[in-house]
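*Asks:* Let me see the structure of the following:
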Amino acid sequence: MPPVQRCIPRPTRSSQYRKHGPCPIKKGHLRRHLDFLNLVELRFSDWSRIGAFAKELGCSEKSLSRSTKAISRQTPHQVLTTRIILEAKRQLANSDSRVSTIGSDLGFSEATNFTKYFYREVGLTPLAFRRQCLSQIRTV
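*Replies:* The predicted model follows:
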């Protein structure tokens, strides 16, 4: 009996991404992604460009992006944004620091830039988020 032929055509590179998610995981993707996460943890407040992270990891922006998408299904920018917002929420909920101080601690030059960034990502201003946290604590 002849071997069974493949009935489903192999997807092309572009259709593979659209239908099946990011590119398949290759040998160095996991190590590069974990190194990137460690670097984000150390320097998320110094964020400027993803290229600076890639350079420090010894790879190109494209390979860093490919590795990050393969493992986490997020771009490096989304990973960095998630970490910055997590730290902002943590500081807003657990400290009495001013919003401008928290913004400058996270690398924002102006409080307004931090407020706009936080609002765009969370849907609340930093002060409204803090009030919401305080009201939840009081009701518990």
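*Asks:* Can you give me the neighbour number for Ser95?
*Replies:* 12 (other Cβ atoms under 10 Å). Heads up, the C-betas are built off the backbone N, CA and C, glycines and all.
*Asks:* quick one, helices of the chain?
*Replies:* 13-20, 29-43, 50-57, 61-72, 76-94, 99-105, 111-122, 126-139 (DSSP state H).
*Asks:* Quickly, which of these bottoms out on average pLDDT?
*Replies:* Ranked by mean pLDDT, the helices of the chain bottom out at helix 13-20, with a mean of 48.
*Asks:* List the contacts of the closest residue to Leu30 other than its chain neighbours.
*Replies:* Nearest residue to Leu30 in three dimensions, chain neighbours excluded: Ile71, at 6.1 Å (Cβ to Cβ, 6 or more residues apart in numbering). Shown in contact with Ile71 (Cβ atoms under 8 Å, 6 or more residues apart in numbering): Ile25, His29, Leu30, His33.
*Asks:* Tell me how far Ile71 lies from Cys59.
*Replies:* For Ile71, the distance to Cys59 (Cβ to Cβ, to the nearest Å) stands at 14 Å.
*Asks:* Also Ile25?
*Replies:* From Ile25 across to Cys59, the span is 16 Å (Cβ to Cβ).
*Asks:* Of those two, give the one with the bigger neighbour count.
*Replies:* Using other Cβ under 10 Å, the more surrounded residue of Ile25 and Cys59 is Cys59, with 18 against 12.
*Asks:* Let me see the contact set for the more buried one.
*Replies:* Cys59 touches Arg32, Ser67, counting by Cβ under 8 Å, 6+ apart.
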